[in-house]
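Visitor: Quick check, what structure comes out for this input:
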Amino acid sequence: MWEQVRTSCFSRCLSPIHPFILLLIFIIISAHRSAAEGDLPPCDKGDYYYQYTECDSTGSRWRVAIPLTPGSCLGLPSPTRGTDCSFSCPAGMFLEMSTQLCTPCAAGSYSLGSGLRFDQWDAIPAGFTSLASFLDPGPNGEDIQACNSSSWTPQGLYLESNRDECTVSLVYAVHLEKQGSVSFTYQYPDNNIFFEFYVQNEQCQEMSQTDDQKWIKVTNSGEWGTHTVSLKSGTNILYWRTTGILVGGKMVKPVLLKNIQIEGVAYTSECFPCRPGWFSPMPGSSSCQACPSNTYSGKGASACSACPEHYYSHEGWAECKVRPPCSEKDYFQIHSACDSEGKTQVLYRWVEPKICVENVKGAVNLPATGQREPCPPCNPGYYNSNDSTCLPCPPGTHSDGTYACVECPAGTEPVLGYEYKWWNVLPPNMKTSCFNVGNSKCDDMNGWEVAGDHIRSGAGSSDNDYLILTLHVPGFKVPASLAGMTGGEFGRITFVFETICSADCELYFMMDVNRKSTTVVESWEGSKGKQAFSHSMTRNASVTFTWAFQRTSHALDVRRYISDTVKIYSISVTNVLEGVASACRACALIPQNSQQAGSSCVPCPAGFFIDRDTNRCQECPPNTHLAGRHTYGRDACIACGPGSISNKEHSRCFSDCSFIHTENNRTLTFDLSPMSDAASLILGPSFTSKGTKYLHLFNISLCGHKGRRAAVCTDNVTDVSSKDEQSDLSQFFNTVDSFLCQSTIIPGDGRGFRLPISSQSISLADTFIGATVDTVLDGINAEPDLFPENPNDIPDINFFYRSMQATASCDQGRSSVITVRCNPEKSERGQLSVPSSCSAGTCDGCTFHFLWESSSACPLCTEADYHLIQGACKGGVQETLYMWNEPKLCTKGVALPSRSSTPCEVIALWLKVGLGVGAFVAVLLVSLTFYFWKKNKRLEYKYSRLVMSANKEGELPAADSCGLAEGEEFEDDVVYTKKPTLLGKLRAIANKQEQGESSESVQLNSSQADRWVLG
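Guide: Take a look at the predicted model:
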């Protein structure tokens, strides 16, 4: 479809023959054909019409007559010079081509003069085209098949955009002879659908536009906005384009268009008739008026006709309908104001405008008025006057609503705010209204009704009305007793509500700060049980809170869901500027040593609490912060969690990027400062049910920044609509600053979305709970099983965060855990990841888990993380090296000592000692060997003497007759004929000893004795 539009654009741009030439050729051919036929009748005024040719380079043009049926008559008027190309008639008139004069429009019609208006949407007007495509097309064109049924849909009074994820463009081409403009009225309540308007020229090139001209500003629920863009002369192709993003499966609310008006066309040759249900009573009208209720009209009417009896119509209806019998859905109850006796009663009223009939079969009558009952008490901060009306307590006094206002005691101050829990009359700073997307005039009806102990939604005029309730707060003033708190909360609104629905009802809670733009804070669909919702105000500004209730988003002529309702039981706002007081709070007094000492309250400096005994200001101890909503007593200073410190103002605890952990007599010190800068993690892509691609962007501020929340997420679509807001980021209501925030990103597709689109920014962590190696802290579980097991013995550090802002799905707020893990293979900045089983970072939508692996998450190095290696002594020099223990699981800290050299000897000391010991052992062995050798010689000598002295009979002499005395040296030399071996000698000695022990005499062998010869 897009290619068809481009082709048509280029075919117009490249047409080689000027239309005026074609027109002249057509006239000449017709003239020749007429001359040939000769018997044709002369042309009458009804046989042709006038038309201007295209303007030439001088701005001139010609008026020519064009036959309705070529060749049907003779004598067409000759071409005449036409009006100047820039000529146009004023509003309410049209150009009569026969006279070329401006003529007033007849009654029942209208004209814009030099403009066009489209305000009838029973069908898409001629010239408009609805084109559907896909935001993220597939390679085979499957996106076109998925979006064939998507289009802009006419709804009578307005044009409705698609509700799905297709990109649908409403296209209209117009040729302007002079500079002009286009303006349109729209309703854009849901920023989950992207709405843009842009203009292309005849070459299909996009015109230069600023962001606030292209991106349309979001409107309040039920309100209409107007957008105007200037147009250049020539061909302008206008595009209204919408794309729904169904992230999370929630249906989007469509964009509504009505009253498109284009200025700058050259002329209007006819007037437009009023559409059915509208009329213009006077000639020369520039617009039509809607018929009042109970009247109707047809197309081109100059007046409206009254409906017959028992018929009715609403404003702008083209026909009347039969009045139905009255039923319980046609009336509602209210409570009357308290009278002078302090009584009230229930009253019943018909829904206006009343369309039902009472006096017919099956109809019900209006119930009788209820019994008079005592009025409920006044709201806190008000007192009951003599005329039974509730008036606010004077400044400096307080009341709970049941007694007269009394002054606060010395040393206390009034607690200012609004607290509404009794609903007999609507408070003066609250208003209620009704608004319908079809503009059916329910503005005069009450959108909400008081009902004693609650306020409830009213009947409205139809089921798709927006029932509006607003509360205006002029500003906030932090009382003196809370001046020491600088946590950024200036006030808080809390309300208790309940919805009872049988259809697709929805309740919106919105706020408008400084009357600039309305932001939806939270919304609830369907029936919801009685519950409380609280929202913190972080800016001291005037604000209007709005509750909008819609029974169904579908327009219905018949009332089906009037019993669907919402009830608000109580609304309270704290620290309201010029509010009323329901109680008193202890405050700090001027110090005794001051010259102005007394009972006057003074504000405490930031980070100070009020001492209960002295009512004086005292600073909170180190590493504590002022939590809760009071500063009275030492218990107001809450200790920071593990691994955290407080900022200077004691308003917030944060991590200073240092962490110390002691385990098994080992102290680990961590320096996480390289991870202090805000980090980003993009998850995806993910795809919606129709295949639209989107990404999740997380911005994380882990530590440092003196406690400032440095992670910022911004919606870049809805925030570009105000140049005033661009100059000050604090004015951006869709800008979120937090420790951890999330945005949904729609990638740029190259078809008009020049930049990626960021939306749905939310805070996931605005309070730092603490950092610890434990897996559970303050009820938040780190769930370490979600990530791979830590392979080293350095423990993971878990950073715990919480966002106290409750949502429809997380009534206790959201929580987040960032697990920091030592990984030497990662860079200092590290790498973020989410659990593989929870691809969006959360498994339940309320608790988010992240793993941050970094080398900076390793502890600081100490002397225990390295060892030394000594080299060999070479050339009298010995080198000493230091090496890190492997694997190295530390960073920074103690540096590795440099290589050192020391003088040494060639022979080392141990070698010297070894050699000395070896030499001593060697000498000892030699000495022992010599000793035993000499000893053996003696024995041999003794033995030889013994043998020589033996008698011939072989008897041995007595032992003491041949032995040598101790120390006696033998003198005779022994001469051996054959020298025996040492082994033989020892064996002989052994045998000798055995024989000596067993026998007294030994018989010697004579042959053996002969071998010994004495010298």
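Visitor: going forward, measure contacts and count neighbours with C-alpha atoms only.
Guide: OK.
Visitor: per-domain residue ranges of this protein.
Guide: In terms of domains, the chain is parsed into 115-136+149-265, 392-583, 661-717+734-858, 866-903 (source: the TED database).
Visitor: Point out the one among these that comes closest to residue 89.
Guide: Between residue 89 and the domains of the chain, the shortest gap by CA to CA is with domain 115-136+149-265, which sits at 9.7 Å.
Visitor: Now the terminal residues of the closest one, how far apart.
Guide: 6 Å (CA to CA, to the nearest Å).
Visitor: How far away from the center of its chain is that domain?
Guide: Its chain's average C-alpha position is 27 Å from that of domain 115-136+149-265, according to CA atoms, centre = their mean, to the nearest Å.
Visitor: Check the model's average confidence along it for me.
Guide: Domain 115-136+149-265 carries an average pLDDT of 81.
Visitor: One more: stretch 454-470?
Guide: 85.
Visitor: Check stretch 355-374 too.
Guide: The average pLDDT for stretch 355-374 rounds to 87.
Visitor: how about it: buried residues?
Guide: By 16 or more other CA atoms under 10 Å, the buried positions in stretch 355-374 come out as 355, 356, 357, 358, 364, 365, 366.
Visitor: Is it possible to get JSON lines of those residues that adds distance to residue 200?
Guide: Listed next are the buried residues of stretch 355-374 as JSON lines, based on distance: CA to CA, whole Å:
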{"residue": "355", "distance to residue 200": "48"}
{"residue": "356", "distance to residue 200": "51"}
{"residue": "357", "distance to residue 200": "55"}
{"residue": "358", "distance to residue 200": "58"}
{"residue": "364", "distance to residue 200": "59"}
{"residue": "365", "distance to residue 200": "60"}
{"residue": "366", "distance to residue 200": "59"}
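Visitor: got CSV for the domains of the chain, with mean neighbour count and distance to residue 610 too?
Guide: Compiled in CSV, the domains of the chain are given as follows (neighbours: other CA atoms under 10 Å; distance: least, CA to CA, whole Å):
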stretch, mean neighbour count, distance to residue 610
domain 115-136+149-265, 19, 43
domain 392-583, 20, 8
domain 661-717+734-858, 19, 24
domain 866-903, 14, 43
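Visitor: I'd like to know which of those domains lies nearest to residue 328.
Guide: domain 392-583 (9.2 Å).
Visitor: Can you give me the end-to-end span of that closest one?
Guide: 13 Å.
Visitor: Is residue 672 in contact with residue 859, as I believe?
Guide: No. Using CA atoms under 8 Å, residue 672 is not in contact with residue 859, being 9.2 Å away.
Visitor: Now the helix ranked longest in the chain: average pLDDT?
Guide: Assignment by DSSP state H gives helix 909-948 as the longest helix of the chain. Across helix 909-948, pLDDT averages out at 85.
Visitor: roughly how far is it from the heart of the chain?
Guide: The answer for helix 909-948 is 97 Å, by CA atoms, centre = their mean.
Visitor: Could you do stretch 323-334 as well?
Guide: 45 Å.
Visitor: Contacts for that stretch next, please.
Guide: Contacts to stretch 323-334, defined as CA atoms under 8 Å, 6 or more residues apart in numbering, come from residues 310-312, 346-351, 354-358, 360-366, 449-451, 458-459, 559, 562-563.
Visitor: Report the separation between residue 201 and residue 396.
Guide: From residue 201 to residue 396 the distance is 67 Å (CA to CA).
Visitor: Kindly apply the preceding question to residue 943 instead.
Guide: For residue 943 relative to residue 396 (CA to CA), the value is 138 Å.
Visitor: Same check on residue 785?
Guide: Residue 785 is 58 Å from residue 396, where distance means CA to CA.
Visitor: dump the residue contacts of residue 654.
Guide: Shown in contact with residue 654 (CA under 8 Å, 6+ apart): 644, 645, 646, 647, 703, 704, 706, 707, 768, 770.
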